[in-house]
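**Student:** Can you look at this prediction? I've put the sequence above it.
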Amino acid sequence: MNLHPKFPYQLYLVISEKDCLGKDFLKVAEDAILGGVDIIQLREKNTGTKEFLTKALQLKEVTEKYNIPLIINDHPEVTEKTDAFGIHVGNSDTPPMTLRGQSFFKEKMIGYSIEYLEQLENKQTSISDYLGVSPIFSTKTKEDTVTEWGLDGLSLIRTLTDKPLIAIGNINLNNAQMIIKAGANSLAVVSAICAAEHPEQAAYELKNEILK
Ligand SMILES: Cc1ncc(COP(=O)(O)OP(=O)(O)O)c(N)n1
Ligand SMILES: Cc1ncsc1CCOP(=O)(O)O
Ligand SMILES: [Mg+2]
């Protein structure tokens, strides 16, 4: 994996309680950290702000214990109330420029999803800290997606930006190497770890693949 100096987090877990299929999501997070996950995003869709905040505070206790950065999906308010490491937003969320204009987000990590090639020329992209190549492959975990970038799409994006590129969407042990070769600086996964019977082992195997 080509390690990016501004994003040294090679295995990125995106977690929700639902995607853990009945397992305790805090235990999944802890096991995943023990297996080698470098950064965690809490992504709870269809959850009210209060419940999201409760989960974020619980998860922050786990991530802090291991000094792992916590990213919050979509919610600036939850990011601020938990004093998380950063936020991930997409095209339907608060734009990166708006966030960066707020004092709390000046020094926070802002991740931004790339769904259209034209986004690479906009200001939102240039002020973001990393880009989610979303999705690299289509996935049942998120069905409201636009472009399945594939390996060729990722390679093309690699030629157009120096920002850290985080590939996400249907990533597993079988395709990890190809995605790395196409230019990703980090692999983000939901089901490959959350839905696994043994999340620690799943994370360990993915990390080993990355470190090969
Ligand atoms: C690392 C990473 N990349 C992309 C996404 C997708 O974000 P978004 O387009 O805002 O979609 P939702 O996750 O909000 O459904 C992500 N969450 N993380
Ligand atoms: C949140 C998100 N954004 C783009 S694809 C995706 C879901 C990835 O889930 P999985 O790793 O299970 O395919
Ligand atoms: Mg979003």
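**Tutor:** That came through fine. Ligands and ions are numbered 1, 2, ... in the order given.
**Student:** Tell me which residue in this structure sits closest to ligand 3.
**Tutor:** Going by CB to the ion, ligand 3 is nearest to Gly90 of the chain, at 3.8 Å. Placement of C-beta: from N, CA and C, glycine included.
**Student:** residues contacting that residue?
**Tutor:** If a contact means CB atoms under 8 Å, 6 or more residues apart in numbering, then Gly90 has 74, 112-113, 115, 132, 134 as its contacts.
**Student:** farthest-separated two in those residues?
**Tutor:** Of all pairs drawn from the contacts of Gly90, the one with the longest distance (CB to CB) is Asp74 and Glu115, at 14.9 Å.
**Student:** Where do the helices of the chain begin and end?
**Tutor:** Using DSSP state H, the helices assigned to the chain run over residues 25-35, 49-65, 76-82, 96-100, 123-127, 150-160, 176-181, 191-194, 199-211.
**Student:** Measure how buried Ile171 is and give me the count.
**Tutor:** 24 (other CB atoms under 10 Å).
**Student:** What pLDDT does the model give the nearest residue to Ile166 once chain neighbours are set aside?
**Tutor:** Leaving aside its sequence neighbours, Ile166 sits nearest to Ser186 (CB to CB, 6 or more residues apart in numbering; 4.4 Å). Listed pLDDT for Ser186 reads 98.
**Student:** shift numbering so it begins at 54
**Tutor:** From this message on, residue numbering opens at 54, which makes the last subject Ser239.
**Student:** Tell me if I'm right that Ser239 and Val67 touch.
**Tutor:** No: contact criterion CB atoms under 8 Å: Ser239 and Val67 do not qualify, at 11.3 Å.
**Student:** Just the pLDDT for Met54.
**Tutor:** On the pLDDT scale, Met54 gets 86.
**Student:** Burial check on it, number of neighbours?
**Tutor:** Counted with other CB under 10 Å, residues neighbouring Met54 total 18.
**Student:** ok, and which of the contacts of Gly143 reach ligand 2?
**Tutor:** Residues of those in contact with ligand 2 (CB under 6 Å from any ligand atom): Ser187.
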